[in-house]
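*Asks:* I would like to see how this sequence folds:
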Amino acid sequence: MGITKTDGFTKEINQTADILKVLGHPARLAIIEHLAKSPSCICNDIVDEIPLAQPTISRHLSELKRVGLIQGTIEGKNVCYCINDNVWKSFLEGLNDISKTIVLNKKCC
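*Replies:* Here you go, the predicted structure:
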């Protein structure tokens, strides 16, 4: 698979596309859902909830953290994760702007 061309697109469009790609995996959506139900979470709790091995969940957590959707703090041997409200709100606002444009400019079909 080739490299995705991102030049020529705004920073916001590229960030939204990156977040959508990351959210395109069911395990990551399940992790987001789990974190949304609790204010913070220790990684081992996620392993108990998601039917995947701990290293696999860690990789999914890394991807969610890479795009900024979650943030984590280290407390001893545990890493506590929570949803990054600022990034999540910005992401949703961007999608909302796109949705409004589609609805307002609907002229075909």
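*Asks:* can you give the strand pairings for the helix or strand of the chain with the lowest mean pLDDT, parallel or anti for each?
*Replies:* Least confident element among the helices and strands of the chain, by mean pLDDT, DSSP states H and E: strand 41-42 (a mean of 71). Paired strands of strand 41-42, with direction, are strand 78-83 (antiparallel) (DSSP bridges).
*Asks:* quick one: contacts of the strand it pairs with?
*Replies:* 32, 35-36, 39-44, 46, 61, 65, 69-73 (CB atoms under 8 Å, 6 or more residues apart in numbering). All C-beta atoms are positioned from the backbone trio N, CA, C, and that covers glycine.
*Asks:* got the CA positions of that strand in PDB?
*Replies:* Output of strand 78-83 as PDB, limited to C-alpha atoms (Å, rounded to 0.1, in the frame of the first residue of the first chain):
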ATOM      1  CA  ASN A  78       0.000   1.400  36.300                       C
ATOM      2  CA  VAL A  79      -0.900   3.700  33.500                       C
ATOM      3  CA  CYS A  80      -4.200   5.500  34.000                       C
ATOM      4  CA  TYR A  81      -6.000   6.500  30.800                       C
ATOM      5  CA  CYS A  82      -8.800   8.900  30.200                       C
ATOM      6  CA  ILE A  83     -10.400  10.600  27.200                       C
END
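*Asks:* I'd like the next helix or strand past it.
*Replies:* helix 85-104 (DSSP states H and E).
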